[in-house]
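[1] Provided below are the primary sequence and the corresponding predicted coordinates.
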Amino acid sequence: YIVDDSWSNIKTAKKIGWNTALIGLKSRDGKDALKYMSDFADHIIADVKELPKIWPELFEREQKSSPNGARRRKSSKGKRRK
């Protein structure tokens, strides 16, 4: 996955098979991203806040996992180590 506002980075990432999301509906010089980048970007979004809508699988958590995907340890609260 790549999320970027650089058209050239999105094009390169798409060529190597990544899932791509371009942030920004216009280029720096005012070109319409939907017109020029539709062949390269899987998604073109206005704001990073739209990411959970396009890739919900990246924002879902298993009940027994921490936010970074690592398994949580059982609490040793109240237990003393020997």
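    Arrived safely.

[2] ranges for the strands of the chain?
    For the chain, applying DSSP state E gives strands covering 2-4, 20-23, 43-45.

[3] and those strands, which is most packed in?
    Neighbour counts (mean count of other CB atoms under 10 Å) averaged over each of the strands of the chain peak at strand 20-23, with a mean of 22. C-betas here are computed from N, CA, C, even on glycine.

[4] elements contacting it?
    Contacts defined by 3 or more CB pairs under 8 Å, 6 or more residues apart in numbering; DSSP states H and E place strand 20-23 against strand 2-4, helix 7-15, strand 43-45.

[5] can I get the ones you listed in CSV with distance to Ser27 and mean pLDDT?
    Formatted as CSV, the helices and strands packed on strand 20-23 follow (distance: least, CB to CB, whole Å; pLDDT from 0 to 100):
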stretch, distance to Ser27, mean pLDDT
strand 2-4, 13, 96
helix 7-15, 6, 96
strand 43-45, 11, 96
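
[6] buried ones in the lowest-mean-pLDDT helix or strand in the chain?
    Within the chain, confidence by mean pLDDT, DSSP states H and E is lowest for helix 33-37 among all helices and strands, at a mean of 92. Neighbour counts over helix 33-37 (16 or more other CB atoms under 10 Å) mark Ala33, Met37 as buried.

[7] got the CA positions of it in PDB?
    Only the C-alpha atoms of helix 33-37 are listed here, as PDB (Å, rounded to 0.1, in the frame of the first residue of the first chain):
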ATOM      1  CA  ALA A  33      -6.200  14.200 -10.800                       C
ATOM      2  CA  LEU A  34      -9.200  12.300 -11.900                       C
ATOM      3  CA  LYS A  35      -8.500  13.000 -15.500                       C
ATOM      4  CA  TYR A  36      -4.700  12.400 -15.500                       C
ATOM      5  CA  MET A  37      -4.200   9.800 -12.800                       C
END
